[in-house]
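Student: need coordinates for the below:
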Amino acid sequence: MSGYPSDHLLKWFSEYDVLENGPCDLIHRIKENWEYGDMGYFSWDPRRRLLRLSTAGWSGNEDIICALRSNFLFWQYWINSHVGGHYVFRIRKIKGVPE
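Tutor: Residues are numbered from 1 along each chain as shown. Next up, the predicted model:
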C-alpha cells in the first residue's frame with residue numbers, strides 16, 4: 001500500500017453517519033490512517049473531547065480532511081483551523097465517544 005487513503009476509505013469518511021453510529025469508529029479509522037499520527041499530528045483528548053489533526057503537508061492527510069469536510073454531520077464538530085493544516089474538533093457527548 002502506498003500509504004495514501006483509498007477512494008473507498010475516503011468515501012467511507014465522507015458518508016459516515018456520526019449521529020447514528022457515534023464518532024468512536026470514525027475517530028479510530030482516522031487515527032489508523034493518519035500519516036505521522038504517531039509523531040503528534042493526531043491527538044485525541046477524551047477528557048476535553050478534543051480531536052486535533054495536523055496534515056503535516058501530506059496530501060493523503062489533506063484528502064482525509066477534504067472527505068471529512070464533505071461530511072456535514074461530522075463537520076459540525078469543527079471549532080477552528082490554523083494556517084498550515086491544523087484542525088480542531090470538539091466532539092459532543094453522544095453515544096460511542098471513546099473515553
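Student: quick check: closest non-adjacent residue to the spatially most central residue of the chain.
Tutor: Here the mean C-alpha position of the chain is nearest to the C-alpha of residue 30 (Cα atoms, centre = their mean), at a distance of 4.9 Å. Counting by Cβ to Cβ, 6 or more residues apart in numbering, residue 64 is the residue found nearest to residue 30 once chain neighbours are left out, at 6.6 Å. In this view, the C-beta of every residue, glycine as well, is placed from N, C-alpha and C.
Student: excluding its backbone neighbours, what's nearest residue 53?
Tutor: residue 87 (4.7 Å).
Student: and stretch 71-79, C-alpha only, in CSV?
Tutor: What follows is stretch 71-79 as a C-alpha-only set of coordinates in CSV (Å, rounded to 0.1, in the frame of the first residue of the first chain):
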residue,chain,number,x,y,z
ASN,A,71,-19.4,15.0,5.8
PHE,A,72,-21.9,17.6,7.1
LEU,A,73,-22.7,15.7,10.2
PHE,A,74,-19.1,15.3,11.3
TRP,A,75,-18.0,18.9,10.2
GLN,A,76,-20.4,20.3,12.8
TYR,A,77,-17.8,19.4,15.4
TRP,A,78,-15.2,21.7,13.8
ILE,A,79,-14.3,24.5,16.1
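Student: hmm, residue 43 and the residue nearest to the centre of the chain touching each other?
Tutor: No - taking contacts as Cβ atoms under 8 Å, residue 30 lies outside contact range of residue 43: 11.2 Å.
Student: need the residues touching each of these two.
Tutor: Between them, residue 30 and residue 43 have 51, 53 as joint contacts when contacts are counted by Cβ atoms under 8 Å, 6 or more residues apart in numbering.
Student: other SSEs contacting the lowest-mean-pLDDT helix or strand in the chain?
Tutor: Of all regular secondary-structure elements in the chain, judged by mean pLDDT, DSSP states H and E, the least confident is helix 18-21 with a mean of 90. Under the contact criterion of 3 or more Cβ pairs under 8 Å, 6 or more residues apart in numbering; DSSP states H and E, helix 18-21 touches helix 72-75.
Student: where does this protein dip in pLDDT?
Tutor: Counting by pLDDT under 70, the chain has low-confidence residues at 1-2, 93-99.
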